[in-house]
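Novice: Kindly return the folded structure for what I paste below:
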Amino acid sequence: MFFKVEKKDPNSKARTGTISTDHGEIKTPIFMPVGTVASVKSVHQHELKDDVKAQIILGNTYHLYLRPGMDVMKNAGGLHRFMNWDRPILTDSGGYQVFSLSANRKLTEEGAMFKSHIDGSKHLFTPENVIETQRIIGSDIMMALDECPPYPSDYKYAKNSMHLTHQWLERGMNHYKKTEPLYGHRQAYFPIVQGSTYKDLRAQSAEFIASQGAMGNAIGGLSVGEPVEDMYEMLEIVNNILPLDKPRYLMGVGTPINILEGIALGTDMFDCVMPTRNGRNGMLFTSEGTINIKNKKWSKDFSFLDINGTSYVDSTYTKAYVRHLFKSNEILGMQIASIHNLAFYLWLVGEARMHIEQGDFIAWKNIMVKKLGVRL
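Specialist: Below is the predicted model of the structure:
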């Protein structure tokens, strides 16, 4: 994997770049649709390409490990072939899912012992075997095993958690260097900065992560309940330390406003389930604010979903029609809303890239942040 910074905004830390992988190029800043179990919920792969214009999607090691399992994945020839997706894929190591199973897991220096949410069976994730699992999955970008501390965490817990993540990273990095890809394409390995909302821990973790010389770096443990101001403060601290010539990935974030503010702080990559999850519940994102399509006010609105002629996706569906689908519990409504929201997110980062190149990103961003906070 290679990364080239192409343009820097003169009034912020925003930048554009290109990540080159064996499955294609990724223009940054970028949003990555989440395909947890080899599927972006309710969206076909051809729609991801043609309508959403996704350049890279995510898979999840924890979920794919449990189902369909690595025997199936290996026999299929990896995730790209299994799901018929020929563009880049990033896989989370499963650390966040283990974090979410706090009542059914135990952390030690060896790794994370957890019970399957499917059948209660016991499993152990180690820094080494998550590398092996991601080799079988065949993602273009693999994530290191980490612990995501809950919010709030006291200082002692956050510090111990950070050191455990660093210990696991050293082991994972050694194993990554000793192993080879299985399917003929190269795989990058990203470590993850932790440290909760403590400035000194975040700085210490960023320094350690930067010292590993990885092809890219991720920032985890944010958007887990902390005030948004704390998230931005931690992000600014970390991005001031992580190397300029490597892509920076803010994990699990977030709202359109979060993404724009993250770009302004020097972040390149984002992912979140919000576009599809909120879409399935009737929330549509637009350049003028958000729509609850279930509201009665849209029942006789025969204008198209796109707002003010801004085209996120070639849509011939009216608000009245999509509202009818939701009120009738038709699956098509969820599908249309999911595609619309994903296309909007990709449109938004594309617009950010254009304004960085033009040199007026901050002025545009400030206008957009105000609009995006409006409920229509």
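
Novice: Could I get the average pLDDT for stretch 26-40?
Specialist: Across stretch 26-40, pLDDT averages out at 97.

Novice: Return the list of helices and strands in contact with the helix or strand of the chain with the lowest mean pLDDT.
Specialist: In the chain, no helix or strand scores lower on mean pLDDT, DSSP states H and E than helix 95-100, which sits at a mean of 75. For helix 95-100, the packing partners by 3 or more C-beta pairs under 8 Å, 6 or more residues apart in numbering; DSSP states H and E come out as helix 61-66, strand 112-115. Where C-beta positions appear, they are placed from N, C-alpha and C, glycine not excepted.

Novice: ok, of the ones you listed, where does mean pLDDT dip lowest?
Specialist: strand 112-115 (a mean of 91).

Novice: To what extent is the nearest residue to residue 282 once chain neighbours are set aside buried, counted in neighbours?
Specialist: Distances taken as C-beta to C-beta, 6 or more residues apart in numbering place residue 294 nearest to residue 282, at 4.3 Å, with adjacent residues excluded. The local packing of residue 294 (other C-beta atoms under 10 Å) involves 15 other residues.

Novice: What of the one 3 residues further on?
Specialist: Applying other C-beta under 10 Å, we find 12 residues neighbouring residue 297.

Novice: Tell me how far stretch 26-43 lies from the chain's centre.
Specialist: When distances are taken as C-alpha atoms, centre = their mean, to the nearest Å, stretch 26-43 is centred 8 Å away from the chain's centroid.

Novice: for the stretch 201-350 of the chain, which spans come out with low pLDDT?
Specialist: 307-311, 314-315 (pLDDT under 70).

Novice: ranges for the helices of it?
Specialist: 228-239, 256-264, 274-280, 319-327, 331-358 (DSSP state H, counting those that start in this stretch).

Novice: What residues of stretch 285-297 count as buried?
Specialist: Of the residues in stretch 285-297, 285-287, 289-293 count as buried by neighbour count, 16 or more other C-beta atoms under 10 Å.

Novice: hey, which of the helices and strands packed on helix 95-100 is tucked in deepest?
Specialist: When you average the neighbours per residue for each of those (mean count of other C-beta atoms under 10 Å), helix 61-66 leads with a mean of 22.

Novice: list the helices and strands that one packs on?
Specialist: strand 89-92, helix 95-100, strand 122-125, helix 127-137.

Novice: Kindly reformat the helices of the stretch 201-350 of the chain as a markdown table containing mean neighbour count.
Specialist: Supplementary listing: the helices of the stretch 201-350 of the chain in a markdown table, determined by neighbours: other C-beta atoms under 10 Å:
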| stretch | mean neighbour count |
| --- | --- |
| helix 228-239 | 19 |
| helix 256-264 | 23 |
| helix 274-280 | 22 |
| helix 319-327 | 19 |
| helix 331-358 | 21 |
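
Novice: Tabulate the ones you listed in a markdown table, adding columns for distance to residue 172.
Specialist: Output for the helices of the stretch 201-350 of the chain, formatted as a markdown table (distance: least, C-beta to C-beta, whole Å):
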| stretch | distance to residue 172 |
| --- | --- |
| helix 228-239 | 20 |
| helix 256-264 | 25 |
| helix 274-280 | 29 |
| helix 319-327 | 44 |
| helix 331-358 | 29 |
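
Novice: Any idea which of these gets closest to residue 370?
Specialist: helix 256-264 (9.5 Å; C-beta to C-beta).

Novice: on contacts alone, who are the packing partners of that closest one?
Specialist: helix 228-239, helix 331-358, helix 361-372.

Novice: what residues does that helix touch?
Specialist: Outside helix 256-264, the residues that touch it by C-beta atoms under 8 Å, 6 or more residues apart in numbering are 9, 12-14, 29, 31, 223, 228, 231-232, 235, 250, 253-254, 270, 285, 344-345, 348-349, 352, 356, 361-362, 365, 368-369, 372-373.

Novice: Determine which of the helices of the stretch 201-350 of the chain approaches residue 162 most closely.
Specialist: Once the helices of the stretch 201-350 of the chain are compared by C-beta to C-beta, helix 228-239 is nearest, at 12.3 Å.

Novice: tilt between that closest one and helix 256-264?
Specialist: 30 degrees (axes from the mean of the first three to the mean of the last three C-alpha atoms, to 10 degrees).

Novice: contact partners of helix 228-239?
Specialist: By C-beta under 8 Å, 6+ apart, helix 228-239 touches 13, 193, 195, 197, 199, 202-203, 205-206, 219, 222-223, 248, 250, 253, 258, 261-262, 265-267.

Novice: and if you look at stretch 194-206?
Specialist: In contact with stretch 194-206 (C-beta under 8 Å, 6+ apart) are residues 146-149, 151-153, 155, 158-159, 161-162, 165-166, 193, 220-221, 226, 230, 233-234, 237-238, 241-242.
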